[in-house]
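S.K.: Structure here, sequence nowhere to be found:
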């Protein structure tokens, strides 16, 4: 699954594809900012 695939999945529950894209971008941005700070990022059940 790539970012585009994830947006497509989120679109199923978001009001629009634009809203889904914004949500995915926010999530990726939050994770990207947290990791260099040494913060733990845990997505329980992700990848299993």
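M.R.: Good, I have the coordinates. Keep in mind the model is a prediction, meaning the values are calculated, not measured.
S.K.: C-alpha only now, for contacts and for neighbours.
M.R.: OK.
S.K.: Identify all contacting residues around the helix or strand hosting residue 28.
M.R.: For residue 28, the host element (DSSP states H and E) is helix 17-34. Contacts to helix 17-34, defined as Cα atoms under 8 Å, 6 or more residues apart in numbering, come from residues 3, 6-8, 10-11, 14, 40-41.
S.K.: Give me the number of neighbouring residues for residue 34.
M.R.: 13 (other Cα atoms under 10 Å).
S.K.: any idea how far it lies from residue 28?
M.R.: With distances taken as Cα to Cα, to the nearest Å, residue 34 is found 10 Å from residue 28.
S.K.: Would you mind giving the secondary structure of residue 9?
M.R.: Secondary structure, DSSP: H, G, I helix; E, B strand; the rest coil: residue 9 is helix.
S.K.: Any of the contacts of helix 17-34 buried? List them.
M.R.: Among the contacts of helix 17-34, those buried by neighbour count (16 or more other Cα atoms under 10 Å) are 7, 10-11.
S.K.: from those residues, which is closest to residue 45?
M.R.: residue 10 (16.7 Å; Cα to Cα).
S.K.: residues in contact with the closest one?
M.R.: By Cα under 8 Å, 6+ apart, residue 10 lies in contact with 20, 24.
S.K.: 6 Å instead?
M.R.: Taking Cα atoms under 6 Å, 6 or more residues apart in numbering as the criterion, residue 10 is in contact with residue 20.
S.K.: ditto for the one 4 residues further on
M.R.: When the contact criterion is Cα under 6 Å, 6+ apart, the partners of residue 14 are residue 20.
S.K.: Report the secondary structure state of it.
M.R.: Following three-state DSSP, residue 14 is assigned to coil.
S.K.: so where's the protein shaky on pLDDT?
M.R.: Along the chain, no part satisfies pLDDT under 70.
S.K.: 90 - rerun?
M.R.: Across the chain, the ranges flagged by pLDDT under 90 are 1, 46-48.
S.K.: how much space between residue 17 and residue 44?
M.R.: Per Cα to Cα, residue 17 is found 25 Å from residue 44.
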